[in-house]
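*Asks:* What follows is a predicted protein model with its sequence.
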Amino acid sequence: MSITLFAATTPGGSKSVTHTNSAAEPFRFPGGEWHLRVPTAEAPAFARVTGCDANDLVVLGLWADWVHSLGHRAVAHLPYLPAARADRGTPFGAQVYANLINTCNLDEVVVFDPHSPVAPSLINNVRIVESTAVIAERVIPSGNYEAILAPDAGAVHRAQLVADRMGLPLFTATKSRDFDTGKLTGFHAPENLPRLGRVLVVDDICDGGGTFMGLAKATGLHRDQLDLWVSHGIFSGRAPQLRESYGTVFTTDSHPGAANPEVAAEIIELAPYLSA
Ligand SMILES: O=P(O)(O)OC[C@H]1O[C@H](OP(=O)(O)OP(=O)(O)O)[C@H](O)[C@@H]1O
């Protein structure tokens, strides 16, 4: 499970509120159903779900029900919006997951850099946090980059926001993927990429890493010249091979896969960026 429940406390009677782990405890009945053992005196703060385990969404619904019974707002951070990539086709995964999330009756759902506008548009009371500030504050300053590179058309919007904020040129590559099989075909790097200096590739998700290995090869750049930012590190399958093509891989703690030790990504904590 990857759900964490937080309580609001005011240590020593101070006016500033801090967040600590809630004493509420999810458990399963012998029949398999989830339930929540709730504390008698606690002010709930928010819930955080990382990754996409559907069990967490059931616990989230139980938590929200309890929170509402106390007269509080139920706020959930779901930085990795489940099925955001399933934004077309049948079955329509983004809609099915949105239905599950909406069933929790949340007052605010905070998501980080969703794959496209489709999935968040299906979620009630959603607030989107873009990746721009995190990249600008935590990645760019130490990298001495000459340019930002978007791996495909779908990544251009988020990469453009970063390039504009940092005053760096944006380059765009292209790739093709068969949506039904997931197979990647054909990478084309822009021809006028800087041959000296360093380039930061910016995208939303790294799954098996095929996009980024194909892209690195197409650019012809050495790993000392290429770093990678992905907002969500699933890092499945051959993703550890990214080390051969990228000097540093940056990601966030939005998905448990980010901690894959063979990828050894630099993981940036999202908590400070998700709170309103
Ligand atoms: O690590 P990988 O396995 O290569 O997957 C990562 C890529 O997949 C997603 O795009 P996708 O190809 O699904 O884009 P699309 O929605 O535009 O088809 C994502 O935006 C990355 O570009």
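*Replies:* Looks like it arrived, so ask away. Numbers count the residues shown, from 1 in each chain.

*Asks:* Apart from its neighbours in sequence, what residue is nearest whichever residue of the stretch 51-200 of the chain sits closest to the ligand?
*Replies:* The ligand sits closest to G154 of the stretch 51-200 of the chain, with a gap of 3.6 Å, by CB to the nearest ligand atom. The way it works is simple: take the backbone N, C-alpha and C, and place the C-beta from them, glycine included. Counting by CB to CB, 6 or more residues apart in numbering, G154 lies nearest to S116, which is 6.8 Å off, once chain neighbours are set aside.

*Asks:* Ok, E42 next?
*Replies:* Leaving aside its sequence neighbours, E42 sits nearest to A7 (CB to CB, 6+ apart; 4.9 Å).

*Asks:* L270 now?
*Replies:* T252 (4.9 Å).

*Asks:* Quick one: residues contacting that neighbour.
*Replies:* 79, 112, 134, 231-233, 258, 267-270 (CB atoms under 8 Å, 6 or more residues apart in numbering).

*Asks:* Filter those down to just the ones in helices.
*Replies:* V134 (DSSP state H).

*Asks:* Closest one to A94 out of the contacts of T252, please.
*Replies:* For the contacts of T252, the residue nearest A94 by CB to CB is H232; the value is 14.8 Å.

*Asks:* right, and the closest one touches D113 too?
*Replies:* Yes: H232 is within contact range of D113, at 7.4 Å (criterion: CB atoms under 8 Å).

*Asks:* Identify the contacts common to those two.
*Replies:* D204.

*Asks:* who has more neighbours, those two?
*Replies:* Between H232 and D113, counted using other CB atoms under 10 Å, H232 has the larger neighbour count: 29 against 26.

*Asks:* Show me what that one bridges to in the sheet.
*Replies:* Beta-bridge pairing for H232 (DSSP bridges): I205.

*Asks:* how close does it get to V134?
*Replies:* Noted for H232: a distance of 12 Å to V134, by CB to CB, to the nearest Å.

*Asks:* repeat for A45
*Replies:* 22 Å.

*Asks:* Check the burial of I135 by counting its neighbours.
*Replies:* 25.

*Asks:* let me redo that: T4
*Replies:* Neighbour tally, T4, other CB under 10 Å: 14.

*Asks:* Wasn't it part of a strand?
*Replies:* Yes: according to DSSP: H, G, I helix; E, B strand; the rest coil, the state of T4 is that of a strand.

*Asks:* didn't it look like it was pressed against N21?
*Replies:* Yes: counting by CB under 8 Å, N21 is a contact partner of T4 at 6.9 Å.

*Asks:* and stretch 34-48, how far out from the chain's middle?
*Replies:* Relative to the centre of its chain, stretch 34-48 is centred 25 Å away, using CA atoms, centre = their mean, to the nearest Å.

*Asks:* If you count neighbours, what's buried in that stretch?
*Replies:* 34, 36, 38, 42, 44-48 (16 or more other CB atoms under 10 Å).

*Asks:* got the residue ranges for the helices in the stretch 101-250 of the chain?
*Replies:* Counting by DSSP state H, counting those that start in this stretch, the stretch 101-250 of the chain has helices at residues 118-121, 132-138, 156-166, 210-219.

*Asks:* Save those helices as CSV, and put in distance to D56 too.
*Replies:* What follows is these, written out as CSV (distance: least, CB to CB, whole Å):
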stretch, distance to D56
helix 118-121, 17
helix 132-138, 23
helix 156-166, 26
helix 210-219, 27
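
*Asks:* Give me whichever of the ones you listed is most buried.
*Replies:* helix 210-219 (a mean of 21; mean count of other CB atoms under 10 Å).
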